[in-house]
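S.K.: Based on what follows, work out the 3D shape:
(2 chains)
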Amino acid sequence: MAALLAVVGTGLVGLIVGPVSLGTTAILKELVNLLPWVNVASGLSDVHAGILIDVRLPRLVLGLLVGATLALSGGSYQGVFRNPLASPWLLGVAAGAGLGATIAIVTGSGQFREVLPLAAFAGALLGVSLTYVMGYSSSGRTSLTLVLSGIAVSSFLTAGQTFLQMQHSELLRDVFSWIMGGLTTASWREVRLIVPYLIISVVTMLLYARRLDVMSVGDDEAESLGINVARTRLVVIAAASLGTAAVVAVSGLIGFVGIIVPHAVRQAVGASYRVILPLSFLFGGAFLVLTDVLAKTIVSPVELPLGVITAFIGAPFFGLILHRSKSVAP
Amino acid sequence: MTHLIAQEVSVSFSRRRVLNRLTFEVDRGEWLGIIGPNGAGKSTLLRCLVGLVPYEGSVQISGTDNSEKTRKQRAQELAYVPQAPVKPPGMTVREYVALGRSPHLGFFAGESQHDASVVAEVIEVLDLATLAHRDVATLSGGEAQRAALGRALAQRAAIIILDEPTASLDVGVQQDVLQLIEALRTRHELTVITTMHDLTTVGQYADRLLLLSEGSVVDRGSATDVLTPANIAKYYGANVRVEHSHTGVVIIPVRPDSSG
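M.R.: This is a model prediction of the structure:
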C-alpha cells in the first residue's frame, strides 16, 4: 500500500516539476481528460497540454518502467546468486550495452540516436549470452563460475569500448553522456519500444519469486526440495537480463538502483522474494522518478545525468543501510 | 516390507570411483545407520539416494526407479537434511519450515490452507512455536537442527535422509535430537537413513548398520554384529572396547597399549 502511494506521489511530483509551470489542478484535470468519455476543461493551452502529454508523461512513465525493472532485475539477480551485492550489471549486460552504444555512436555519424537503443540492446544480450556460454565448468554452471565469467566478459567488452573511444576521441562526449544515463530523450516511442520486452521479463521474474525463496537454501537443498536449480537460474537470469537490456537501451547505465532498492526493501520486509520482488518493482519506479526530478532541478536549467544522482544518493544511503543492518550475507 | 532398494550403485568423480557397486535394502520404518571412516563415501551415498549426484545402477523407492521420477515426485518421497543446512539470514523459522511444502505446490500456486496447516502442525510437534518468528540465521545448533527436521517433516516424505544430524552439537543436544528423530519415526512411521561418525550413538539408535570402506560395503547387520573390536580396528584403525547394554552398543576408545 505504501509502495503504491509512493508511486502515485512521486509520479505527481514528476509531472508537476519542470521548467514550465503548469499548475497542479490543471495537470490533474488534463490527466482525467485522458480517460475515455471524460471531457473537462483543464485551462491548459495546447502547447502546455502538449508539454504535459508528450514530454512529461512519457518521461514519467519511462522513469517508472526503468526504475522498476532495474530494481526488480537486481532483486532477482540477488536471489539467483544468493548475494546482496549482485547487480543487474553482473553478467556483462552493462559492458555489452556500452560497447553496442559506442559502436552505434562511432559508426552512425549524426544519426546514431536512431540505432543506439537497438545496438545497446543487442550488445547487452550478447554480453550476458557470452557470460552464460563461458561460465561452464565440470561442476556445471554454478553462481561462482557465472560471476567469474561475467568479470572476464565485461573486461573484454569494456576493453573493446575503450579501444573504439580512443580511435574516435571527438565522440567521447556523446559516449559518456549516454553511459551516465538519463531520460532526457524520453518519448512515447521509447515507451512503446521497450514495453513488450518488459512484460515478458517482469511477469517471468514475479512468477519465479517462490522458486527464488527455495533457492535461498543453496543448490543441493533446493534440488532436494524439488526445484530444477539449473533451469530456474537460466530462466531468471534470462528474464532479468532481457528487462535490463531493454531499459539500458533507452536510458543508459543508471547504476545503484538495482542494488539499493531491493536491499532497502529486504531490510524492511524480510527475506521472502515473494514480497521483495513486487515491492522492489514499485519502489524502484518511485525512486527513479524522484531521482529524475532532482536531476532536472538541482542545477536547473541544466540537467544532471541520472547515473550521477543515483550514485550520489545511492552510495551514502547504501552506507547507512549497511551501518544499521545486523547481517549482510544471505 | 522393503521401502528402498539400491542395486549396484556406483559413483565416479573425474574417473575416480567413489562408490563401488553398492547393493542394499531398507525396510519401511527402519533406521539404517551408514558408518565408515572419513572418505568412505557415506555422504556421497546419501547424495546419490537424493539424486544430487549422477550414478550408475538403480535406486528404487516403493518399487519404482528414482530415475523415472521428476524432482518433485522424488522430493515427495524423500526428504534430505545435509550436514550443515544453509540458514538464509532474514528468513523466519516458519518460512523456513514452509519451504518443505515446495514439492507439493503447483507451478503458479502459493501455499494453500492445507499447506499452512501442515506447517502449523510440524511447528507444534517440534516445539518450534516460540521460535517461529525468529531469524533462522540466529538459531543455536540444536534449534537449527530442529528447524531443519521441521522442513523435512513438512515435506511429508516417508523417507528421511540425514547427513550427520548430530555433528557439532553438544552431547546433551545430540541426545535431544536423536530422541526427537526416534519419536518422529514412530509417530509418522518414517524410514530413517543417517550417516554418523559417532559409533556409540549409531549403536544406540540405528536398527541396522551398513559399514563402508573405500566406497564398498564391507559389513552389514545389527550393531552387535558390525561394531566389533576387530571391524573397528580394521577399518577405523582404532583400539576400542565394546560393551553391550539393553539400549544398544557402547564403544569406548582405549589408548593403545604401547608397553608390550
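S.K.: Point out the residues in chain B that sit beside chain A.
M.R.: Contact residues, chain B versus chain A (C-beta under 8 Å from any C-beta of the partner chain): B:14, B:47, B:50-52, B:70-72, B:74-76, B:78-80, B:82, B:85-86, B:88-92, B:95-96, B:99-100, B:102-103, B:105, B:108, B:110, B:137, B:155. Quick note: C-beta positions are derived from backbone N, CA and C, even for glycine.
S.K.: Name the residues of stretch A:252-271 that are buried.
M.R.: A:252-266, A:270-271 (16 or more other C-beta atoms under 10 Å in any protein chain shown).
S.K.: list the buried ones in the longest helix anywhere in chain B?
M.R.: Using DSSP state H to define each element, chain B has its longest helix at helix B:171-188. Buried residues in helix B:171-188, counting neighbours by 16+ other C-beta under 10 Å, are found at B:Val173, B:Gln174, B:Asp176, B:Val177, B:Leu178, B:Leu180, B:Ile181, B:Leu184, B:Arg185.
S.K.: Give me the residue at the spatial middle of chain A.
M.R.: Nearest to the geometric centre of chain A sits A:Leu70, at 2.7 Å (C-alpha atoms, centre = their mean).
S.K.: hang on, it packs against A:Pro262?
M.R.: No: under the criterion of C-beta atoms under 8 Å, A:Leu70 makes no contact with A:Pro262, lying 9.7 Å away.
S.K.: tell me how far stretch B:29-48 is from the chain's mean position?
M.R.: Relative to its parent chain, stretch B:29-48 has a centroid offset of 8 Å by C-alpha atoms, centre = their mean, to the nearest Å.
S.K.: What's the mean pLDDT across that stretch?
M.R.: Stretch B:29-48 carries an average pLDDT of 94.
S.K.: With stretch B:5-19 instead?
M.R.: For stretch B:5-19, mean pLDDT rounds to 91.
S.K.: quick one: buried residues of it?
M.R.: Residues of stretch B:5-19 classed as buried by neighbour count (16+ other C-beta under 10 Å): B:Ile5, B:Ala6, B:Val9, B:Val11, B:Val18, B:Leu19.
S.K.: now these as TSV including secondary structure and distance to B:Tyr205?
M.R.: Output for the buried residues of stretch B:5-19, formatted as TSV (DSSP: H, G, I helix; E, B strand; the rest coil; distance: C-beta to C-beta, whole Å):
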residue	secondary structure	distance to B:Tyr205
B:Ile5	strand	23
B:Ala6	strand	21
B:Val9	strand	24
B:Val11	strand	27
B:Val18	strand	26
B:Leu19	strand	24
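S.K.: any low-confidence regions in the stretch 201-330 of chain A?
M.R.: Within the stretch 201-330 of chain A, the ranges that satisfy pLDDT under 70 run A:325-330.
S.K.: Which residues of it lie near chain B?
M.R.: By C-beta under 8 Å from any C-beta, the part of the stretch 201-330 of chain A that sits against chain B consists of A:207, A:210, A:213-214, A:216-218, A:220-221, A:223-228, A:266, A:270-272, A:274, A:327, A:329-330.
S.K.: run the last query once more with 10 Å
M.R.: Proximity of the stretch 201-330 of chain A to chain B (C-beta under 10 Å from any C-beta of the partner chain) is limited to residues A:207, A:209-211, A:213-229, A:266-267, A:269-272, A:274, A:276, A:325-330.
S.K.: Please pick the buried ones from those residues.
M.R.: By 16+ other C-beta under 10 Å, those give A:209-211, A:213-227, A:229, A:266, A:270-272, A:276, A:330 as buried.
S.K.: Now, these that are in helices?
M.R.: Cross-referencing those against helices under DSSP H gives A:209-211, A:213-215, A:219-224, A:229, A:266, A:276.
S.K.: quick one: contacts for A:Met215?
M.R.: For A:Met215, the contact set (C-beta atoms under 10 Å, 6 or more residues apart in numbering or on different chains) comprises A:79-82, A:143, A:208, A:221-223, A:225, A:227, A:229, A:232-233, A:236, A:273, B:88, B:99.
S.K.: What count of nearby residues applies to B:Asp65?
M.R.: Neighbour count of B:Asp65, defined by other C-beta atoms under 10 Å in any protein chain shown: 12.
S.K.: Give the phi and psi angles for it, as a check.
M.R.: Backbone dihedrals for B:Asp65, given as degrees, to the nearest 10, come out at phi -70, psi 140.
S.K.: which residues does it bridge with?
M.R.: Taking DSSP bridges as the rule, B:Asp65 bridges to B:Gln60.
S.K.: I'd guessed it sits against B:Gln73; true?
M.R.: No: applying C-beta atoms under 10 Å as the test, B:Asp65 and B:Gln73 come out as separate, 11.4 Å apart.
S.K.: Helices along the stretch 1-150 of chain A, start to end?
M.R.: Remark: helices assigned in the stretch 1-150 of chain A by DSSP state H, counting those that start in this stretch are A:2-16, A:24-34, A:46-50, A:57-81, A:93-107, A:112-134, A:143-167.
S.K.: repeat for chain B
M.R.: B:42-50, B:71-77, B:93-98, B:113-125, B:141-154, B:171-188, B:199-205, B:223-226, B:229-236.
S.K.: Next, the buried residues of stretch A:287-302.
M.R.: Within stretch A:287-302, the residues scored as buried using 16+ other C-beta under 10 Å are A:Phe287, A:Leu288, A:Val289, A:Leu290, A:Thr291, A:Asp292, A:Val293, A:Ala295, A:Lys296.
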